[in-house]
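# Okay, sequence plus prediction incoming.
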Amino acid sequence: MSRTLTGLAASPGVASGPIVRIETEEIVVPATADPKGALAAAAVRAQQHLAALAKQAEAAGNSEGAEVLRAQALMAEDPMLQDQTEEHLDQGQDLDQALREAGSELQTMLASLPDPYLAARAADVGEIVDVVRRELAGVGHGVDVIEQPSVLVAHELTAATTATLDPNVVLGFVTETGGATSHVAIIARSLGVPAVVGVADLMETSAGAERIAFDGSSGEIALDPDEAEADAFAERAVAQAEREAHHATFQGQSVSVDGKSMVVCANVGSPADIERAVAVAAEGVGLYRTEFLFLDRAAPPTEDEQYEIYRGAAEAFEQHVVLRAFDIGGDKPAEYLDLPEEENPFLGQRGVRLYEDVDDLFASQVRAVLRASAHGDLGFMIPMVATVEEVRTIRGRIDALAGELTAAGTPIGTPAIGVMIEVPSAALIADSLAPEVDFFSIGTNDLTQYTMAADRGHARLGALHDPLHPGVVALCRATAEAGLRHGIPVSVCGEAAADPVAALVFSAIGVSKLSVGANSVNQIKATLAGQREGVLDQVAEACKTGTTAAEIRASVAAVMTVA
Ligand code: PEP
Ligand code: MG
């Protein structure tokens, strides 16, 4: 029987298909009389599982993913992990302890190797150990072999798992946890995978359901849809395809809204995203979330590895490529930094608050950025800035590192240095920050989270998370006005930039650049270019008089032309 549910719209698009449930079972490796035999048998099954995944990735045309999985299958067979585990068993440890310790020793050993390829294999060891433990415990493998294009239904997906989803087989996903600006949602949008998150009681309600249809733009979901529901979702898919075809006619155009030109760039997190941004003719990169290059691996990327990636980004566009210093912390931890557990990670040591403690890592990134800047128009911006002192300290460190490289004869460029305005205090002291930097970029995801005191990943607080709340709009306006007064450009790179209503608000308050997921570049261009003369004054008025987010939304929607 069909059932309907609603969640938070996280990534647009209509998806419909069979359900693959991802059970988050606890891994409990049972005690056994023959641990060595159990280990050997589990390793064989792990190898078979990984080889099957590799085949699936290959068939889906994901040859990069297939190669990684094939390498993992080979490593699962390799006696090194088993031998090392057996040594720990001989010392009296139980099987789970022995396996985990052997894995972490192998990881440390590989991560210390100078060859970057081998060092990167350290992360694979962690994943193989996980697969073997799941085999021993008899629990599922998270995102498993997907036989046919399907929709994932899960309690939770991690940012790392989401980044490895293959859009050819994953038609979309629906999760019980998460907010619309959580990093899982952001990655889904960049992959073009429709998603709804924050669906209360999803796992319980969907138990036994075989098919699902949902709209990632509205958050509506039908479990085992009947014919009429299936038809309605199919119609939405057709309407969306028509809208996309219209948006695509703006590809490559420079646009203005009501006579004011607006640069539309893409947000990226990997070299593959750069290709997506180039494919939609984005005018540059407004936000490169470099931390994604540092996550889900056992050791950070080397300076040279980073240099190659940043140089590739600089060379992909003629101008406007903004790299953000790694924003590790919050919902993006990096295991190898071994940072202490925090009670409130989003209010803790995140972004700029971390750099002094991990100076070697920060210096390696700055050196890589400075070197890559010799090859194109790069900007470098600092996340989570709350004070003027933070900016001065970081600028001092960058200058010192630039001095060292120049003294050593290494060619470097001079990247523009900016700050993200995503902490309310930064917006309120924008006039004091402006003389210290070359540009501002407003991060509405965090600015909304911190202004509203509402965790951006919280499934129940979606309603508080509207960047058009008058309080958030006031901070954005204060930032834009300070930028205008001091003659520095102000952009918006939070997810709100991809919301057509909010994009008009930002245009009206003086923002000159928007940076959005690659899939939204054409839509935002179409929206801006499609407005009539005089609209921005009306939008500015709506922002001044609206007392709630809903009022501002409704007033702007009433005067805008929908693309
Ligand atoms: C933001 O906070 O709006 C932003 C762009 O950064 P992130 O989403 O990566 O925190
Ligand atoms: Mg942020």
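Here it is on my side, so go on. Residues are numbered from 1 along each chain as shown. Ligands and ions are numbered 1, 2, ... in the order given.

# hang on, Val263 packs against Val516?
No - contact criterion CB atoms under 8 Å: Val263 and Val516 do not qualify, at 11.4 Å. (C-beta placed from N, C-alpha, C; glycine too.)

# which of those two has more neighbours?
The neighbour count for Val263 versus Val516, taken as other CB atoms under 10 Å, is higher for Val516 (29 against 19).

# Just want the phi and psi numbers for the nearest residue to Ala123 once chain neighbours are set aside.
Nearest residue to Ala123, sequence neighbours excluded (CB to CB, 6 or more residues apart in numbering): Arg297, at 4.1 Å. Main-chain dihedrals, Arg297, degrees, to the nearest 10: phi -150, psi 160.

# Near ligand 2, which residues of the chain? Just list them.
With CB under 5 Å from the ion as the criterion, the chain meets ligand 2 at residues 422, 443, 446.

# tell me which element the last one is part of?
Mapping Asp446 onto the secondary structure by DSSP states H and E places it in helix 444-452.

# mean confidence for that helix?
Taken as a whole, helix 444-452 has an average pLDDT of 98.

# So which elements touch it?
Contacts defined by 3 or more CB pairs under 8 Å, 6 or more residues apart in numbering; DSSP states H and E place helix 444-452 against helix 424-428, helix 470-486.

# Which secondary structure element of this protein has the lowest mean pLDDT?
helix 159-163 (a mean of 71; mean pLDDT, DSSP states H and E).

# So which elements touch the lengthiest helix in the chain?
For the chain, the helix reaching the highest residue count under DSSP state H is reported as helix 35-59. Packing partners of helix 35-59 (3+ CB pairs under 8 Å, 6+ apart): helix 63-77, helix 79-90, helix 95-111, helix 116-137.

# Compile the ones you listed into a markdown table and extend it with columns for mean neighbour count.
Shown next, in a markdown table, are the helices and strands packed on helix 35-59 (neighbours: other CB atoms under 10 Å):
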| stretch | mean neighbour count |
| --- | --- |
| helix 63-77 | 18 |
| helix 79-90 | 16 |
| helix 95-111 | 19 |
| helix 116-137 | 20 |
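
# Using a markdown table, lay out these together with distance to Val521 and mean pLDDT.
Compiled in a markdown table, the helices and strands packed on helix 35-59 are given as follows (distance: least, CB to CB, whole Å; pLDDT from 0 to 100):
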| stretch | distance to Val521 | mean pLDDT |
| --- | --- | --- |
| helix 63-77 | 24 | 77 |
| helix 79-90 | 44 | 91 |
| helix 95-111 | 37 | 88 |
| helix 116-137 | 31 | 79 |
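
# Now tabulate those helices in a markdown table and tack on distance to Pro149.
Putting the helices and strands packed on helix 35-59 into a markdown table (distance: least, CB to CB, whole Å) gives the following:
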| stretch | distance to Pro149 |
| --- | --- |
| helix 63-77 | 16 |
| helix 79-90 | 34 |
| helix 95-111 | 33 |
| helix 116-137 | 24 |
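
# Which strand or helix spans Asn267?
With DSSP H and E as the criterion, the answer for Asn267 is strand 260-268.

# Just want the angle from the next helix or strand after that strand to helix 63-77.
Downstream of strand 260-268, the first helix or strand assigned by DSSP H and E is helix 271-279. Note on geometry: by axes from the mean of the first three to the mean of the last three CA atoms, to 10 degrees, helix 271-279 and helix 63-77 are set 170 degrees apart in direction.

# Specify the angle between helix 271-279 and strand 260-268 in degrees.
150 degrees.

# so where's the protein uncertain?
Residue ranges of the chain with pLDDT under 70: 25, 57, 59-65, 115-117, 119-120, 140-145, 159-160.

# Can you pull the residues of it lying near ligand 1?
Residues of the chain found near ligand 1 (CB under 6 Å from any ligand atom) are 287, 289, 327, 422, 443-446, 493-494.

# Quickly note the distance from the residue nearest to Ala123 to ligand 2.
According to CB to the ion, to the nearest Å, Arg297 and ligand 2 sit 21 Å apart.

# Check the burial of that residue by counting its neighbours.
Other residues near Arg297 come to 21 when the count uses other CB under 10 Å.

# State the distance from it to Leu337.
Here the criterion is CB to CB, to the nearest Å. By it, Arg297 lies 12 Å from Leu337.

# now do Ser254
Distance from Ser254 to Leu337, by CB to CB: 42 Å.

# The two: who's more crowded?
Neighbour totals were compared for Ser254 and Leu337, and Leu337 leads with 15 against 12 (other CB under 10 Å).

# Need the helices and strands packed on helix 444-452 in TSV (columns: mean neighbour count and distance to Pro30).
Output for the helices and strands packed on helix 444-452, formatted as TSV (neighbours: other CB atoms under 10 Å; distance: least, CB to CB, whole Å):
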stretch	mean neighbour count	distance to Pro30
helix 424-428	20	51
helix 470-486	21	51
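
# Could you dump those helices into TSV and include distance to Arg211?
Output for the helices and strands packed on helix 444-452, formatted as TSV (distance: least, CB to CB, whole Å):
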stretch	distance to Arg211
helix 424-428	45
helix 470-486	39
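
# Report the secondary structure element holding Asp231.
Using DSSP H and E, Asp231 falls within helix 227-248.

# List the buried residues for whatever helix or strand comes next after that helix?
Note on helix 227-248: by DSSP H and E, the next helix or strand toward the C-terminus is strand 255-257. Residues of strand 255-257 classed as buried: 255, 257 (neighbour count, 16 or more other CB atoms under 10 Å).

# what packs against strand 255-257?
Contacting strand 255-257 under the criterion 3+ CB pairs under 8 Å, 6+ apart are the following elements: strand 260-268, helix 521-529.

# Following element in sequence after the last one, please.
Using DSSP H and E, the helix or strand that follows helix 521-529 in sequence is helix 535-545.

# now that next one against strand 260-268, angle please.
Relative orientation of helix 535-545 versus strand 260-268 (the same axes, to 10 degrees): 70 degrees.
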